[in-house]
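In: Got a predicted model here, sequence first, then my questions.
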Amino acid sequence: MNDETMYILAIDQGTTSTRAIVFDHGGQIISTGQQEHEQIFPKSGWVEHDPQEIWRNTRKVVGDALVGAEINRHQLAAVGITNQRETAVVWDKNTGEPVYNAIVWQDTRTAKICDELAGDEGADKYKERVGLPLATYFSGPKVKWILDNVEGAREKAEAGDLMFGNTDSWLVWNMTGGVNGGVHVTDVTNASRTMLMNIDTLDWNEDIAKDMSIPLSMLPEIKSSSEIYGYGRKQGLLIDTPIAGILGDQHAATFGQACFEVGMAKNTYGTGNFMLINTGEELVRSENGLLTTVCYKIGDNKPIYALEGSIAVTGSLVQWVRDNLGLIKDAPEIEKLAEQVDDNGGCFVVPAFSGLFAPHWKADARGAIVGLTRFHNKGHIARAALEATAFQSREVLDAMNADSGVDLTELKVDGGMVKNELLMQFQADILGVPVVRPKVIETTALGAAYAAGIAVGYWDGEQDVIDNWAEDKRWEPTMDDETRERYMRLWNKAVERTFDWMDDDVEALQA
């Protein structure tokens, strides 16, 4: 199978777009297809996607990638899937139709559901069992919202007619036949983001599902991250091709970055930011606002765990500066605008658009721009918007150092924003450790490709991933300690200004 004429296809179903990438045995990109999908905002704090649009786009980008590589399905050894996690799809298994739009991980409509579930025990009610605090971020409460609010959904669910999954499950089910025998599965990494899986035994927790009034019949079968789940059927371009890898996007990036040793960490700069540190076979429970998650599980091997710091808004803040403020015409332009000023001039942007995730977990926080005077211009706002990503990442790194007891010595980075030189240098400065970018920055898709390829013997295992990884650029910190800590004191002051913003008055204005 280790044939130079064979390739691996990765489908990367992300928050803003779906991509298909063809990789060769050296882990190099041969071709790419990409298609954005609509971001649907029915109300303030609500974020949805159309699952049918995502499925259509997936078929299109697969075709584009195969055409670009000048290959056909016979030259694909396997397909791997990576996906936006926590984005919940509920569909009718008899018709294949979603009963409601996908509710996206950024969506905050389940705040009251989470409060009700927490009761007197608080947000950590289930944390011992699932590794996660009760928060709007995760899939389980979203499913409960759909069953509670979509007419006829609960009856169908109780009758065993509805299926739930993150977008990985939705795609695999459709690709393997849909209503004609589609396989209903997910992997341990995606299951660990639902609030419904026992983090130690890797199976569904019946008691929590009952608390959320979610029938177990809706839930996909939990599999490893690297095994053959099924074969392409309805998706004609991939007919009979093994679908052999599934990893949630941040777990896939960790795998693609070859973070296989305990203490190795990566930070992905996408719609949001997600830093993961490998804790090995040890399940570390955070005392500092991080999530305990499954990093990956290869076939029958033991699961590898991670601590994760999830930041809701980073790249999407640049989109907001572009689309809502109109300060730039395209995302890369923000770097040029930010370079027009020497520093932020005391202006800080805290993008708590969906509340604050790690390490604060404050659903009632909302965004703020603070420190403004007549001196400030759009360059300062652009710079402050970029720096917000670095400051939030520093907060997560501090929490990781505290939880792990070991100070990180360097940070591997990936995702679209790592092309931004200004941001990467500031990130190194504010962290006080080197920041390292690999030659292939599409590590999310690459990780899914590796998982699928390992399952079918195209790659031998983790050592092949290590051998393929190569450094592209390294940023060394140049900021002195006194300046660094002054920045962080001001950042923390700005963050505190966003706390406890949501109340009945604000909700009435936004209704």
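Out: Cool, got the structure.
In: contact partners of the helix or strand of the chain with the lowest mean pLDDT?
Out: Sorting the helices and strands of the chain by mean pLDDT, DSSP states H and E puts helix 504-510 at the bottom, at a mean of 74. Helix 504-510 is contacted from outside by Lys43, Ser44, Gly45, Arg366, using Cβ atoms under 8 Å, 6 or more residues apart in numbering. No exception for glycine: its C-beta is placed from N, CA and C like everyone else's.
In: next one: stretch 178-187
Out: For stretch 178-187, contacts defined as Cβ under 8 Å, 6+ apart pick out 93-96, 163, 165-166, 168-169, 172-177, 220-225, 229-230, 233-234, 246-248, 297.
In: roughly how far apart are Leu431 and Asn166?
Out: Distance of Leu431 to Asn166, computed by Cβ to Cβ, to the nearest Å: 31 Å.
In: same question but for Leu372, I mixed them up
Out: For Leu372, the distance to Asn166 - Cβ to Cβ - is 39 Å.
In: Of these two, give the one with the bigger neighbour count.
Out: Asn166 (28 against 14; other Cβ atoms under 10 Å).
In: how about low-confidence regions in the stretch 401-511 of the chain?
Out: Across the stretch 401-511 of the chain, the stretches falling below the confidence threshold (pLDDT under 70) are 511.
In: buried subset of the contacts of helix 504-510?
Out: Gly45, Arg366 (16 or more other Cβ atoms under 10 Å).
In: How far does stretch 444-453 sit from its chain's centre?
Out: Its chain's C-alpha centre and that of stretch 444-453 lie 15 Å apart, by Cα atoms, centre = their mean, to the nearest Å.
In: With only the CA atoms kept, save it in CSV.
Out: The C-alpha coordinates for stretch 444-453 follow below in CSV (Å, rounded to 0.1, in the frame of the first residue of the first chain):
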residue,chain,number,x,y,z
THR,A,444,-5.8,20.0,10.8
ALA,A,445,-6.4,18.3,7.4
LEU,A,446,-2.9,16.7,7.6
GLY,A,447,-3.7,15.1,11.0
ALA,A,448,-6.9,13.6,9.6
ALA,A,449,-5.0,12.3,6.6
TYR,A,450,-2.4,10.7,8.8
ALA,A,451,-5.1,9.0,11.0
ALA,A,452,-6.8,7.6,7.9
GLY,A,453,-3.5,6.6,6.3
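In: Gly289 and Ala402, how far apart?
Out: Gly289 is 10 Å from Ala402, where distance means Cβ to Cβ.
In: Show me which of those two is the more surrounded one.
Out: Neighbour tally, Gly289 and Ala402, criterion other Cβ under 10 Å: the higher count belongs to Gly289, 19 against 15.
In: avg pLDDT for stretch 254-265?
Out: Stretch 254-265 carries an average pLDDT of 90.
In: same thing with stretch 239-248?
Out: Averaging pLDDT along stretch 239-248 gives 94.
In: got the buried residues for that stretch?
Out: Buried residues in stretch 239-248 (16+ other Cβ under 10 Å): Thr241, Pro242, Ile243, Ala244, Gly245, Ile246, Leu247, Gly248.
In: so where does Gln319 fall, helix or strand?
Out: helix 315-323 (DSSP states H and E).
In: same thing with Asp115?
Out: Asp115 belongs to helix 111-118 when elements are defined using DSSP H and E.
In: How about residues contacting the next helix or strand after that helix?
Out: Where DSSP H and E defines the elements, the next helix or strand beyond helix 111-118 is helix 127-130. With contacts defined as Cβ under 8 Å, 6+ apart, helix 127-130 is touched by Pro133, Ser192, Met195, Leu196, Met197, Asn198, Ile199, Asn205, Ile208, Arg285.
In: sorry, back to before: and which of the buried residues of stretch 239-248 is nearest Ala384?
Out: Gly248 (30.4 Å; Cβ to Cβ).
In: just the strands in the stretch 401-511 of the chain please.
Out: 411-414, 435-438, 471-475 (DSSP state E, counting those that start in this stretch).
In: Tell me where the model's unsure across the stretch 51-200 of the chain.
Out: Scanning the stretch 51-200 of the chain for pLDDT under 70 picks out no residues.
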